[in-house]
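> Provided below for reference: sequence and predicted model.
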Amino acid sequence: MLSLKRIRRSKNWLLMGSQSQFVEISDKLRQKKALWIAEAIDKALPKPTFNLTLIMKSNPAMTVNRLMAETGCTFIEARSAIDTAEGFI
């Protein structure tokens with residue numbers, strides 16, 4: 001259950017719920033152009049983890065830039081995954 005509570009008498013608010021609810025509310029807020037709230041929610045969510053080498057093996061034509069854009073990894077992580085998938089490491 002998603003709930004929003006004010007913390008005592010302050011200007012601060014507490015939003016409680018499950019991760020899937022946070023993702024859903026973040027998407028809806030982006031559609032309503034409330035980007036600052038959506039970004040605050042996204043910062044609080046755990047970052048997804050990806051097996052970059054597996055992604056590269058399943059799609060060998062993927063570029064470094066596309067891998068970085070889709071997974072949020074760094075340039076060094078992307079290059080390392082490509083080298084591992086191609087058998088250089």
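Looks like it came in fine.
> Can you give me the distance of Asn12 to Thr63?
43 Å (C-beta to C-beta, to the nearest Å). In short, each C-beta sits where N, CA and C put it, glycine included.
> now Gln31
30 Å.
> Just give me the residue right at the centre of this protein.
Lys47 (5.0 Å; C-alpha atoms, centre = their mean).
> what residues are up against it?
Contacts for Lys47 (C-beta atoms under 8 Å, 6 or more residues apart in numbering) come out as Gly72.
> residues in contact with Ser26?
Counted by C-beta under 8 Å, 6+ apart, Ser26 has contacts Ala38, Ile41, Asp42, Leu45.
> Just the ones in helices from those, please.
Ala38, Ile41, Asp42 (DSSP state H).
> Test my guess that the second one contacts Leu15.
Yes: counting by C-beta atoms under 8 Å, a contact exists between Ile41 and Leu15, whose distance comes to 7.3 Å.
> what do the two both touch?
Residues touching both Ile41 and Leu15 (C-beta under 8 Å, 6+ apart): Phe22, Ile25.
> Would you mind measuring from Asp27 to Ala38?
Asp27 is 8 Å from Ala38, by C-beta to C-beta.
> Those two: who's more crowded?
Ala38 (19 against 11; other C-beta atoms under 10 Å).
> Apart from its neighbours in sequence, what residue is nearest the more buried one?
Closest residue in space to Ala38, ignoring its immediate chain neighbours: Leu29 at 4.2 Å, by C-beta to C-beta, 6 or more residues apart in numbering.
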